[in-house]
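>>> Dropping the sequence and predicted coords here.
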Amino acid sequence: MTFSEKELLDGVAIIVCPECDGDGQLEYEVGEADFGAPRGGELIAKLMTCELCEGAGEIEVEIDEDEMQIIVQLENTGSIH
């Protein structure tokens with residue numbers, strides 16, 4: 001999990017959305033009605049706003065104090081950026 005450079009404060013980190021990989025959009029399967037078809041319709045792929053990040057491409061996650069210290073140490077050594 002990589003953290004963006006934006007924020008790592010007060011036990012909250014902003015990370016790239018793991019669902020849409022930061023795009024803000026994701027392909028979902030959506031039911032499309034077809035009343036003439038025997039089963040009443042079909043599923044189609046539709047590009048829509050990511051439900052997890054609501055289109056922002058990033059989400060906030062809470063981090064406890066121990067995790068915060070590890071992240072700061074890794075940033076100081078250049079292991080993560």
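Yep, it's here. Residues are numbered from 1 along each chain as shown.
>>> need the contact list for residue 62.
Neighbour list for residue 62: 11, 12 [criterion: CB atoms under 8 Å, 6 or more residues apart in numbering]. Any C-beta I mention is one placed from the backbone N, CA and C, and that applies to glycine too.
>>> Show the pLDDT at it.
The model reports residue 62 with a pLDDT of 81.
>>> Same check on residue 57?
At residue 57, pLDDT is 94.
>>> Contacts only, for it.
16, 17, 20, 22, 23, 24, 50.
>>> Show me the helices in this protein, by range?
Secondary structure of the chain (DSSP state H): helices at 65-77.
>>> who's residue 48 bridged to?
For residue 48, the beta-bridge partners are residue 26 (DSSP bridges).
>>> pretty sure it is touching residue 23, no?
No: in this structure residue 48 lies outside contact range of residue 23 using CB atoms under 8 Å: 11.4 Å.
>>> hmm, back to that, closest to residue 63 among the contacts of residue 57?
Distance to residue 63 across those (CB to CB) is lowest for residue 16, with 15.2 Å.
>>> Where does pLDDT dip in this protein?
Residues of the chain that meet the criterion pLDDT under 70 lie in 1-10, 65, 67-76, 78-81.
>>> same thing but at 80, please
1-13, 35-40, 63-81 (pLDDT under 80).
>>> What separation do you get for residue 58 and residue 48?
18 Å (CB to CB, to the nearest Å).
>>> the more surrounded of those two?
Under the neighbour definition other CB atoms under 10 Å, residue 58 and residue 48 were set side by side, and residue 58 has more, 17 against 12.
>>> picking up where we left off before, got a PyMOL select line for the buried ones in the contacts of residue 57?
Applying 16 or more other CB atoms under 10 Å to those, the buried members can be selected in PyMOL as follows:
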select buried, resi 16+17+20+50
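>>> can you map out the strands along this structure?
Remark: strands assigned in the chain by DSSP state E are 3-9, 12-16, 25-33, 41-49, 58-62.
>>> quick one on the thing from earlier: and which of the contacts of residue 57 is nearest residue 36?
Using CB to CB, residue 50 is the member of the contacts of residue 57 that lies nearest residue 36, at 33.0 Å.
>>> Quick one: residues contacting that closest one.
Residue 50 makes contacts with 17, 19, 20, 23, 24, 25, 26, 57, as judged by CB under 8 Å, 6+ apart.
>>> Perfect, that will be all.
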